[in-house]
Structures are given as C-alpha cells and as structure tokens.
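In: can't give you the sequence, but here's the structure:
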C-alpha cells in the first residue's frame with residue numbers, strides 16, 4: 001500500500017498504469033514483461049490508463065500467494081526460516097542478514113518456528129502497514 005501511495009500523486013487512490021511496473025519493482029518483485037502486462041490487464045478498469053488501489057491490493061495479494069506456493073515445493077502450507085532466508089538472500093535483490101532477522105521476527109510462528117504464509121498474507125490484507 002505504501003509503495004502504491006508513493007505514486008498516487010493526486011491522493012485519490014489511483015496511479016497511472018505506466019507506474020505499475022515501477023511500483024512492483026520497488027517491492028523487490030521482477031516479473032517478466034508478459035507477466036506485468038497480464039497483471040495490468042487484470043487490474044486496469046476499462047482501459048482508463050489508471051489503476052485503483054482497491055483492484056491493485058487483491059491482485060498483489062494473489063501474486064504474493066503464488067510466489068509463496070512456488071517456494072513451498074512440498075505444499076506444506078509453511079516455509080521454514082532457513083528456506084525463506086535462502087531465497088531472500090540469494091535471489092534477486094538480496095536482503096541483508098539484519099533485514100532477514102527483522103522479517104523473521106515478525107513473520108515466524110514462534111511456537112513452531114515456521115512461516116505460515118497464508119496467515120502472513122491474510123495479516124497483510126488486514127493491516128497493510130505490517
């Protein structure tokens with residue numbers, strides 16, 4: 001939500017469709033041009049050239065769920081901190097160890113020491129400032 005709002009110059013919960021790639025890249029996601037085109041087609045209303053936050057957030061939530069499911073090769077419904085750390089520090093724009101520790105502190109189930117990604121995504125949908 002914060003990334004979207006950065007590009008919402010009119011403060012009306014909309015952004016120019018041309019900014020969507022930049023917003024998604026700023027979140028550390030780097031979809032192919034084809035995937036980005038498909039995402040825009042899903043969220044842009046009536047080819048207006050603008051995308052509303054109410055359409056962007058659910059689509060990003062869905063995309064995030066797909067990312068976690070790809071990482072969860074055994075379809076367990078969770079990731080172990082070591083798995084997530086490996087992906088987040090060795091792929092794309094790598095996170096620092098300090099960033100990973102902060103993330104895991106907020107995301108991991110402290111009793112089982114795993115990340116239930118569906119719960120994380122649901123929490124993000126309720127509290128986008130998480």
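Out: Now that the structure is in, tell me what you want to look at. The structure presented is a predicted model; accordingly, all values stated were derived computationally and were not measured.
In: just say helix, strand or coil for the residue sitting furthest away from the middle of the chain.
Out: Each residue of the chain has a distance to the centre, and by C-alpha atoms, centre = their mean the biggest one is for residue 111: 25.0 Å. Following DSSP: H, G, I helix; E, B strand; the rest coil, we place residue 111 in the coil state.
In: quick one, what contacts it?
Out: Residue 111 sits next to no residue when contact means C-beta atoms under 8 Å, 6 or more residues apart in numbering. (Each C-beta comes from the backbone N, C-alpha and C, glycine too.)
In: and the pLDDT for it?
Out: Residue 111 carries a pLDDT value of 92.
In: quick check on it: phi, psi?
Out: Main-chain dihedrals, residue 111, degrees, to the nearest 10: phi -80, psi -40.
In: helix/strand/coil for residue 47?
Out: Under three-state DSSP, residue 47 falls in the coil class.
In: what's the burial count for it?
Out: 8 (other C-beta atoms under 10 Å).
In: quick one: the residue minimising distance to the centre of the chain from residue 18, how far?
Out: Nearest residue to the geometric centre of the chain (C-alpha atoms, centre = their mean): residue 64, 4.7 Å. Residue 64 sits 22 Å away from residue 18, going by C-beta to C-beta, to the nearest Å.
In: got a list of what the residue nearest to the centre of the chain touches?
Out: Contact partners of residue 64, counting by C-beta under 8 Å, 6+ apart, are 121, 124.
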